[in-house]
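Undergrad: pasting the sequence and the predicted coordinates here, then a few questions.
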Amino acid sequence: MIDGNTLQISAAEALGLSGAILYSIGYLLAAYDRLPSQSPVYYATKLAAASLVLISLWQDFNLASAVIQVFFIAVSLIGILRHFSPRSRSRAYDISRQAPGGAAPGSAGVTLTGNRLPGTLRAPHPYARPDR
């Protein structure tokens, strides 16, 4: 609340603002490929941001905002659990053992691309899907 020349922020507003900043930072880092959207850190960032915003809603409740925050929390928890599940780990290991892009086995995951000169090597993105 702005009172004259001073700005007073309640604890709930500060938590909500912190959550909004976390949302923004996570989205910015993902947009610049600094934070892969399949990483557990990405999901943890979204989980923390949604939790902070949801806590801030205790002061000034908004049903639509609360529903979307609960949705983000649920999706983040699912993403984290899926990332650390034994099935997911074994699948990621199997994918990493495949030779992407037709590279010879034992070439350390390095692949030739069709539009490069022969002998020019390019390592695949660590979170790239095997079908792309």
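TA: Yep, it's here.

Undergrad: so residue 15 makes contact with residue 51?
TA: No: the pair residue 15 and residue 51 does not pass the contact test of Cβ atoms under 8 Å, sitting 9.0 Å apart. In short, each C-beta sits where N, CA and C put it, glycine included.

Undergrad: more crowded one of those two?
TA: Set side by side, residue 15 and residue 51 show more neighbours around residue 15, with 20 against 17, by other Cβ atoms under 10 Å.

Undergrad: and for residue 79, the neighbour number?
TA: Other residues close to residue 79 by other Cβ under 10 Å number 19.

Undergrad: which helix or strand contains the closest residue to it other than its chain neighbours?
TA: Of all residues not flanking residue 79 in the chain, residue 43 sits nearest, at 3.9 Å (Cβ to Cβ, 6 or more residues apart in numbering). Element membership of residue 43, judged by DSSP states H and E, is helix 40-56.

Undergrad: so what touches that helix?
TA: Residues outside helix 40-56 that contact it (Cβ atoms under 8 Å, 6 or more residues apart in numbering): 12-13, 15-20, 22-23, 25-26, 30, 35-36, 65-66, 69-70, 72-73, 75-77, 79-80, 83-84.

Undergrad: recalculate using a threshold of 6 Å.
TA: Applying Cβ atoms under 6 Å, 6 or more residues apart in numbering, the contact partners of helix 40-56 are 12, 15-16, 18-19, 22-23, 26, 35, 69, 72-73, 76, 79-80, 83.

Undergrad: what's the farthest-apart pair in those?
TA: 12 and 83 (31.1 Å; Cβ to Cβ).

Undergrad: filter the contacts of helix 40-56 down to the ones in helices?
TA: Here DSSP state H is the test, and those give 12, 15-16, 18-19, 22-23, 26, 69, 72-73, 76, 79-80, 83 as lying in helices.

Undergrad: and the residues you listed, which are buried?
TA: The neighbour-count test (16 or more other Cβ atoms under 10 Å) marks 15-16, 18-19, 22-23, 26, 69, 72-73, 76, 79-80, 83 as buried among these.

Undergrad: closest one of those residues to residue 7?
TA: Proximity of those to residue 7 (Cβ to Cβ) peaks at residue 16, which lies at 15.0 Å.

Undergrad: look up the pLDDT of the closest one for me, please.
TA: Looking at residue 16, its pLDDT reads 96.
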